[in-house]
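*Asks:* A structural model of the following input is requested.
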Amino acid sequence: MSQMLDKLADLYARGEPIVMLTAYDFPSARIAVAGGVDVILVGDSAAMTVLGYSSTREISIDELIMLTKAARRGVTDIPVIGDLPFGSYEESDELAVRSARRFVDEAGCDAVKLEGGGAMVPRARAIIAAGIPVYGHVGLLPQSVRTREGYRARGRDPEQALAIIADSDDLAAAGCSALIVEAVPAAVTEIITQRVKIPVIGIGAGVDTGGQVLVYHDLLGFTRGRLARFVKQYASAHDDLTFAVRTWASDVRERRYPAVEHTYPITPEALAEVRQRVGN
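*Replies:* This next block holds a predicted model:
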């Protein structure tokens, strides 16, 4: 485990909640760091929040690595987790290790995240055996969702809850450094937290976890339309930025911008010489 991930382990050992936020480029990473987060996840949610795709399944590994590299440039002293996108790890252990290695070697990640238990547990184990820390992800698995209606809580019936708990056990036993639990009843997450001896990071999974993660654009109010139940918006970035652009556009049309203070001066002598030489 890297020294940066050791810091997260220390927080977990002291019972202090780990603060994780997604970021997808240099400025968002810088804002996350300035805001005091403990760890950045360059999530495949960038597919929708940054690139305009309809689901996380559409982003390519090359696109996500490009965004991860940009975010890494804005971060120096906290860990960055790279999210393995759909299609980059499921097929074989060899593919999973190769993809994970790209996130470490090309983008400077401290760990990678992958979705699911079951058949994905050997993938996690292979990546860990290659010396790369892994964050598991259980509950709602966005890469498995094909329609908007599929974004709903998991684990509200006994069989589904038991399957999520079993996946959590298996991923922890495989050596995962942490576990993200998404859109799962708080009471089920509490059982998981008590069973596994690694940090459990919740997103829509209750307060009794080792930490919380949210999507940058949800947190800051960029997201339009229906929000997930677990989202709390702490700013109104979309409205504020739209107002700023609209005000600027109005100033341009009314010739209020640029004002004198926004222009560069030239001395009368220099201007006179220029006019003389151009015959004006």
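*Asks:* from here on, contacts and neighbour counts on C-alpha atoms
*Replies:* OK.
*Asks:* Name the helix or strand for residue 4, please.
*Replies:* Using DSSP states H and E, residue 4 sits in helix 3-13.
*Asks:* Now do that helix, average pLDDT.
*Replies:* Taken as a whole, helix 3-13 has an average pLDDT of 92.
*Asks:* who does it touch, helix- and strand-wise?
*Replies:* On a contact count with 3 or more C-alpha pairs under 8 Å, 6 or more residues apart in numbering; DSSP states H and E, helix 3-13 meets strand 18-22.
*Asks:* Tell me the strands beside the strand it packs on, with direction?
*Replies:* strand 39-42 (parallel), strand 211-214 (parallel) (DSSP bridges).
*Asks:* Beyond it, next helix or strand please.
*Replies:* Past strand 18-22, the next helix or strand by DSSP H and E is helix 26-34.
*Asks:* now the angle between strand 18-22 and that next one, please.
*Replies:* 170 degrees (axes from the mean of the first three to the mean of the last three C-alpha atoms, to 10 degrees).
*Asks:* Could you export helix 26-34 as PDB, CA atoms only?
*Replies:* Provided in PDB are the C-alpha atoms of helix 26-34 (Å, rounded to 0.1, in the frame of the first residue of the first chain):
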ATOM      1  CA  PHE A  26      -7.200  19.900 -13.000                       C
ATOM      2  CA  PRO A  27      -9.500  22.600 -11.700                       C
ATOM      3  CA  SER A  28     -12.000  20.200 -10.000                       C
ATOM      4  CA  ALA A  29      -9.100  18.300  -8.400                       C
ATOM      5  CA  ARG A  30      -7.600  21.600  -7.100                       C
ATOM      6  CA  ILE A  31     -11.000  22.600  -5.700                       C
ATOM      7  CA  ALA A  32     -11.400  19.200  -4.000                       C
ATOM      8  CA  VAL A  33      -7.900  19.500  -2.400                       C
ATOM      9  CA  ALA A  34      -8.500  23.100  -1.300                       C
END
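*Asks:* What residues sit buried inside it?
*Replies:* 26, 28, 29, 30, 32, 33 (16 or more other C-alpha atoms under 10 Å).
*Asks:* for those, which one is nearest residue 192?
*Replies:* For these, the residue nearest residue 192 by C-alpha to C-alpha is residue 32; the value is 27.9 Å.
*Asks:* does the closest one really touch residue 21, like I thought?
*Replies:* Yes: between residue 32 and residue 21 there is a contact at 7.0 Å, judged by C-alpha atoms under 8 Å.
*Asks:* so what sits against both of those two?
*Replies:* residue 40 (C-alpha atoms under 8 Å, 6 or more residues apart in numbering).
*Asks:* got a pLDDT number for residue 228?
*Replies:* Reported pLDDT for residue 228: 89.
*Asks:* can you list the residues that contact the helix or strand harbouring residue 250?
*Replies:* Per DSSP H and E: residue 250 is located in helix 237-253. Contact partners of helix 237-253, identified using C-alpha under 8 Å, 6+ apart, comprise 220, 221, 222, 223, 257, 258.
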